[in-house]
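# Requesting a structural model of the entry that follows:
(2 chains)
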Amino acid sequence: AQTVTQSQPEMSVQEAETVTLSCTYDTSESDYYLFWYKQPPSRQMILVIRQEAYKQQNATENRFSVNFQKAAKSFSLKISDSQLGDAAMYFCAYRSGGISNFGNEKLTFGTGTRLTIIP
Amino acid sequence: NAGVTQTPKFQVLKTGQSMTLQCAQDMNHNSMYWYRQDPGMGLRLIYYSASEGTTDKGEVPNGYNVSRLNKREFSLRLESAAPSQTSVYFCASPPGTGVTFSYEQYFGPGTRLTVT
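Modelled structure (predicted):
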């Protein structure tokens, strides 16, 4: 079974600064997908960014980027130019890939990191 | 196009009472999922349905039953609620796999359930 670990229960950052949230995972699979989800106080789960394990290039979405280290099983999220609206819980999640897992979209989540933005 | 809807948004139950959480999606997806979210635990999978007519257990199925009523609807039932089932419940539905693989898993707004 896969596990996802987020070792930082809480983080804070000054507005406009950069912050990095950590995530490590454990799997014996070679084909998988990794995600960062944002959960603001509204409780809505919002997909921030995704990374396919077979891609060497790190994913980037505007101010959000990841540092994907497959050998180390590490998947950190960097938020640049932090904004007040970035304040939320952030969850790292894992999903199995490959043809044998077609139809299996189960997500395994980490325990989350609460990010506070300091004005 | 409402995406994934859940009812109710909030519920308070007494120990031993039963209730059903409803989930519906209007995106014609095959699979649907129920997760629960507890403080410090992240989201954990309770049950899922890969297609109409099938259901499977997830990581924490004890105390729950599910019904895939049709392609649109997937309900979660608590037959005899316990305080340990106090949680926020999320229904989710991914577009599925195939020729056009998609990664997005669409989540409902959640149901906050308190069992006293």
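
# Residues of chain B that sit close to chain A?
Contact residues, chain B versus chain A (Cβ under 8 Å from any Cβ of the partner chain): B:30-31, B:33, B:35, B:40-45, B:48, B:50-51, B:58, B:88, B:90, B:92, B:94, B:96-98, B:103-105, B:107, B:109-110, B:112. Any C-beta I mention is one placed from the backbone N, CA and C, and that applies to glycine too.

# give me that answer again for 7 Å
B:31, B:40-43, B:45, B:48, B:50, B:88, B:90, B:94, B:97, B:103-105, B:107, B:109-110 (Cβ under 7 Å from any Cβ of the partner chain).

# State the helix or strand in which the residue nearest the centre of chain A lies.
When Cα atoms, centre = their mean is applied to chain A, the residue found nearest the centroid is A:W36 (2.8 Å). Per DSSP states H and E: A:W36 is located in strand A:32-39.

# One more: A:T20?
Assessed by DSSP H and E, A:T20 sits inside strand A:19-21.

# The helix or strand just after that strand and chain B, are they touching?
The C-terminal neighbour of strand A:19-21 among helices and strands, as given by DSSP H and E, is strand A:24-26. No - Strand A:24-26 is not in contact with chain B by Cβ under 7 Å from any Cβ; minimum separation 12.5 Å.

# how far out from the middle of the chain is strand A:24-26?
In terms of Cα atoms, centre = their mean, to the nearest Å, the centre of strand A:24-26 is found 11 Å from the chain centre.

# Any buried residues in that strand, and which?
Neighbour counts over strand A:24-26 (16 or more other Cβ atoms under 10 Å in any protein chain shown) mark A:T24, A:Y25 as buried.

# residues in contact with B:Y33?
By Cβ atoms under 7 Å, 6 or more residues apart in numbering or on different chains, B:Y33 lies in contact with B:L45, B:Y48, B:C91, B:A92.

# got it, and A:K70?
Neighbours of A:K70 in contact, by Cβ under 7 Å, 6+ apart: A:A53.

# Retrieve the pLDDT associated with it.
You'll see A:K70 listed with a pLDDT of 95.

# repeat for B:H29
Predicted confidence (pLDDT) for B:H29: 85.
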